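**Student:** Sequence first, predicted coordinates after that:
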Amino acid sequence: MSDRVAGAAVMEQVVRLHDAAPPRSPLARALGVTPLDDAAQPWFAGAVGERRVGELLAALPAGWRVFHALPVGAGEADVDHLIVGPGGVFVVNTKHHRGQRVWVGERALLVAGQKTTHLRNSDLEASRVRGVLARAGVVAPVSAVVALVGVRELTVRQQPRRVAVVRAEGLVRWLTRRPAVLDAGTVDAVVRLVDDPATWRPLESDEDTAERFARIEREVRAAHLVRLGWCLAAALGVLAVSLPFLPH
């Protein structure tokens with residue numbers, strides 16, 4: 001399971017939705033209309049967020065192991081990131097809320113004033129991992145973490161009792177500051193269990209998913225640049241029309 005890349009499960013969903021959607025018309029391409037439909041856009045943002053957290057977690061020092069996109073439970077549920085180290089086992093749920101204000105209290109996490117299910121879902125994922133360890137007879141503390149990507153403002157009135165909420169940029173520092181609670185032998189036992197595909201729900205992965213997602217990502221960026229070009233052209237047009245009327 002250590003070969004699973006960050007965001008693998010969400011990227012698969014983006015590719016699936018993108019392939020099912022009708023292709024853009026030549027006019028839509030010329031105007032810079034995004035290649036993502038409404039259903040795919042939140043999944044795309046989620047994939048970008050998980051990949052960003054994956055990049056950040058690569059900076060963890062020796063003695064820590066990181067796993068991504070672990071298929072846990074039934075349906076299509078997965079653990080975004082599972083981290084094992086001296087500080088324990090951490091189940092990290094990534095949430096990408098670019099440019100939003102986030103407020104955190106003991107029992108609630110609000111994004112732009114709207115209550116979310118982030119705390120409940122993160123606690124549930126940690127409970128599932130605790131069950132995986134318990135069934136294998138491995139004793140190790142499991143903590144739930146929400147890692148926020150791209151938020152403009154984070155106000156923590158009170159940290160929830162069962163879930164830690166941190167900015168993604170500070171996640172590695174937060175993890176390495178946890179007090180040591182696991183010895184090397186226990187860390188190795190957890191890593192062996194997590195790395196075993198038999199521990200998790202069987203996967204039907206497409207080896208081309210990462211490359212197909214990269215192509216979609218390039219299309220999204222190209223469309224964004226086209227829109228910027230149109231906006232710049234419009235601004236220059238307005239300026240050109242206005243120049244004769246401006247005072248000299």
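**Tutor:** Done, it's in.

**Student:** Could you report the separation of the residue positioned nearest the centre of the chain from A136?
**Tutor:** Residue closest to the average C-alpha location in the chain (CA atoms, centre = their mean): E50, at 2.6 Å. In this view, E50 and A136 are 26 Å apart by CB to CB, to the nearest Å. The way it works is simple: take the backbone N, C-alpha and C, and place the C-beta from them, glycine included.

**Student:** try L154
**Tutor:** Distance from L154 to A136, by CB to CB: 36 Å.

**Student:** Likewise for Q13?
**Tutor:** Noted for Q13: a distance of 29 Å to A136, by CB to CB.

**Student:** what's the answer for G185, then?
**Tutor:** With distances taken as CB to CB, G185 is found 15 Å from A136.

**Student:** cool, and G63?
**Tutor:** 21 Å.

**Student:** got it, and G46?
**Tutor:** Applying CB to CB, the value for G46 to A136 is 29 Å.

**Student:** Out of these two, name the residue with the larger neighbour count.
**Tutor:** G46 (21 against 15; other CB atoms under 10 Å).

**Student:** For that one, which non-adjacent residue is closest in space?
**Tutor:** Nearest non-adjacent residue to G46, counting by CB to CB, 6 or more residues apart in numbering: V10, 4.6 Å away.

**Student:** Point me to the helix or strand that includes that neighbour.
**Tutor:** Per DSSP states H and E, V10 falls inside helix 8-20.

**Student:** quick one: buried residues of that helix?
**Tutor:** Neighbour-count burial for helix 8-20, counted by 16 or more other CB atoms under 10 Å, picks out 8-15, 17-18.

**Student:** how about the helices in this structure?
**Tutor:** 8-20, 26-31, 41-57, 118-135, 171-176, 184-195, 209-242 (DSSP state H).

**Student:** How about residues contacting the fifth one?
**Tutor:** The set of residues that contact helix 171-176 without belonging to it, under CB atoms under 8 Å, 6 or more residues apart in numbering, is 53, 56-57, 59-61, 64, 83, 85, 87, 90, 92, 145, 147, 164, 166.

**Student:** so how far is G32 from the residue nearest to the centre of the chain?
**Tutor:** Distance of E50 to G32, given as CB to CB: 26 Å.
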